[in-house]
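>>> just coords:
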């Protein structure tokens, strides 16, 4: 027999467990702890988010599914048994599954879906036949959601023009990035010979962070670093892990800069590195928003970013807060790094620009999208 209906709100995410998306989801879930609502965090085996110390009003509910593609039966079972008052989810596969499960099990339940990637850039990278299938699927399912959440104006535009989401259901909600924990972690000690407790070390350090994959284009960052290093002492650190590690290490050897490049892997506290780096560089070919860029700004670190779809240019206020350069432009990137190292902007100005990205503001907007906020 089904349980008595409860006022719980269901949250369905499936993350890698060690990405910027994980930090965004963690901040959102923890911020929900300040509300009088009760939440169920639905999880899949082998997927994040892995959140320690959940708020008292958030309970973890494992679904009997090990992959996004096989989530439907378990989600239907959950909806029939617990009958939540609303469901939030993210990523196209889970969005589609959530909307189908709602149709089969809880027809009147409102569903909010989130799309964090640049749809136009994603479709452009696919084979035409696959891109058409994905776009048709989005056009079929996304407009059925009660609220569709985008982390940037660029993604919101894609959802409206490419997926057919009506403007009255579209909500551009900036990612929940800036928290007290971020500020505290940025001030935490860092035992690293290259990065001291201030940005006055003898040899400046450029920092990159993200999954080591082609989409992040760290090869362009290494090439720009090698070019600039011919003119001034410089070091480069790239945080993260991924399949491109071997290729990036070989590129550094080919360019003769391996002694001044380090790849320390995934770091649970990247903010201590950001707070001590002289410049942060985002060189992606596409982003949904660019959360890591906001994190670096919140640490008061000068930033340069590619003008990739979509989000980085919005975050840097079209170049007001830091240089925005063409994707893959090695010379422009080297020049931007040189400029920021020579005349860094005021850290307090950079930090003030991240106020719209607080977890408090984001969580409130998420709940307002389904009219759940008090």
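Thanks, I have it. On a predicted model such as this, the values are computed, not experimentally measured, just so you know.

>>> please count neighbours and contacts with C-alpha atoms only from this point.
Fine.

>>> sec struct for residue 188, please.
coil (DSSP: H, G, I helix; E, B strand; the rest coil).

>>> any idea how far the residue nearest to it when sequence neighbours are not counted lies from residue 82?
Leaving aside its sequence neighbours, residue 188 sits nearest to residue 272 (C-alpha to C-alpha, 6 or more residues apart in numbering; 6.1 Å). Here the criterion is C-alpha to C-alpha, to the nearest Å. By it, residue 272 lies 41 Å from residue 82.

>>> give me the more crowded residue out of the two.
The residue with more neighbours, out of residue 272 and residue 82, is residue 272; 23 against 17, by other C-alpha atoms under 10 Å.

>>> which element is the more buried one on?
For residue 272, the host element (DSSP states H and E) is helix 270-276.

>>> for residue 238, same thing?
Going by DSSP H and E, residue 238 is in strand 235-239.

>>> which residues does that strand contact?
Here strand 235-239 makes contact (C-alpha atoms under 8 Å, 6 or more residues apart in numbering) with 203-210, 222, 225, 229, 260-267, 270.

>>> and the next element down the chain from it?
Next along from strand 235-239, by DSSP H and E: helix 245-255.

>>> and stretch 207-223, end to end?
For stretch 207-223, the end-to-end distance is 14 Å (C-alpha to C-alpha).

>>> quick one: average pLDDT of that stretch?
The average pLDDT within stretch 207-223 is 96.

>>> can you show me the strands along the chain?
Taking DSSP state E, the strands of the chain run over residues 8-12, 38-43, 58-62, 86-90, 111-114, 147-150, 170-172, 205-209, 235-239, 261-265, 279-282, 303-306, 324-325.

>>> can you put these in TSV and add mean neighbour count and distance to residue 359?
Converted to TSV, the strands of the chain look like this (neighbours: other C-alpha atoms under 10 Å; distance: least, C-alpha to C-alpha, whole Å):
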stretch	mean neighbour count	distance to residue 359
strand 8-12	21	16
strand 38-43	21	17
strand 58-62	16	16
strand 86-90	23	17
strand 111-114	25	16
strand 147-150	27	15
strand 170-172	21	15
strand 205-209	25	21
strand 235-239	22	24
strand 261-265	17	26
strand 279-282	26	22
strand 303-306	26	21
strand 324-325	23	26
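
>>> could those go into TSV alongside distance to residue 289?
As requested, these are exported to TSV (distance: least, C-alpha to C-alpha, whole Å):
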stretch	distance to residue 289
strand 8-12	20
strand 38-43	24
strand 58-62	27
strand 86-90	14
strand 111-114	12
strand 147-150	9
strand 170-172	11
strand 205-209	15
strand 235-239	19
strand 261-265	22
strand 279-282	11
strand 303-306	12
strand 324-325	14
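
>>> which of the ones you listed sits closest to residue 361?
strand 170-172 (12.3 Å; C-alpha to C-alpha).

>>> burial count for residue 181?
Neighbours of residue 181 using other C-alpha under 10 Å come to 11.

>>> could I get the pLDDT score of it?
93.

>>> number of residues surrounding the nearest residue to residue 26 once chain neighbours are set aside?
Closest residue to residue 26 apart from its sequence neighbours, by C-alpha to C-alpha, 6+ apart: residue 51 at 6.3 Å. Neighbours of residue 51 under the rule other C-alpha under 10 Å: 17.

>>> surely residue 51 touches residue 25?
No. Between residue 51 and residue 25 there is no contact under C-alpha atoms under 8 Å: 9.1 Å.

>>> what's the domain layout of the chain?
8-176+358-369, 180-356 (automatic domain parsing).

>>> show the end-to-end separation of the longest one, please.
Start to finish, the residues bounding domain 8-176+358-369 are 16 Å apart (C-alpha to C-alpha).

>>> same question for stretch 228-243.
End-to-end for stretch 228-243, by C-alpha to C-alpha: 26 Å.

>>> kindly report the same for stretch 119-131.
10 Å.

>>> run the chain-centre distance for that stretch.
20 Å (C-alpha atoms, centre = their mean, to the nearest Å).

>>> close enough to count as contact, residue 187 and residue 273?
No. Between residue 187 and residue 273 there is no contact under C-alpha under 8 Å: 9.7 Å.

>>> those two: who's more crowded?
residue 273 (30 against 16).

>>> which residues in the stretch 1-150 of the chain form helices?
20-32, 72-82, 92-105, 119-125, 128-141 (DSSP state H, counting those that start in this stretch).

>>> and residue 159, which of these is closest to it?
Across those, closest to residue 159 is helix 119-125 (C-alpha to C-alpha), at 7.4 Å.

>>> now tell me what touches that closest one from outside.
Contacts of helix 119-125 (C-alpha under 8 Å, 6+ apart): 131, 134-135, 155, 158-159, 162, 286, 309.

>>> please redo it, this time with the cut-off set to 7 Å
Contact with helix 119-125 is made by 131, 155, 158, 286, 309, as judged by C-alpha atoms under 7 Å, 6 or more residues apart in numbering.

>>> got TSV for those, with pLDDT, neighbour count and distance to residue 322 too?
As requested, the contacts of helix 119-125 are exported to TSV (pLDDT from 0 to 100; neighbours: other C-alpha atoms under 10 Å; distance: C-alpha to C-alpha, whole Å):
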residue	pLDDT	neighbour count	distance to residue 322
131	95	17	34
155	93	26	21
158	95	20	25
286	90	24	18
309	87	25	17
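
>>> restricted to helices, list these.
The members of the contacts of helix 119-125 that map onto helices under DSSP state H are 131, 155, 158.

>>> can I get those residues in JSON lines including distance to residue 55?
Putting the ones in helices among the contacts of helix 119-125 into JSON lines (distance: C-alpha to C-alpha, whole Å) gives the following:
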{"residue": "131", "distance to residue 55": "40"}
{"residue": "155", "distance to residue 55": "30"}
{"residue": "158", "distance to residue 55": "34"}
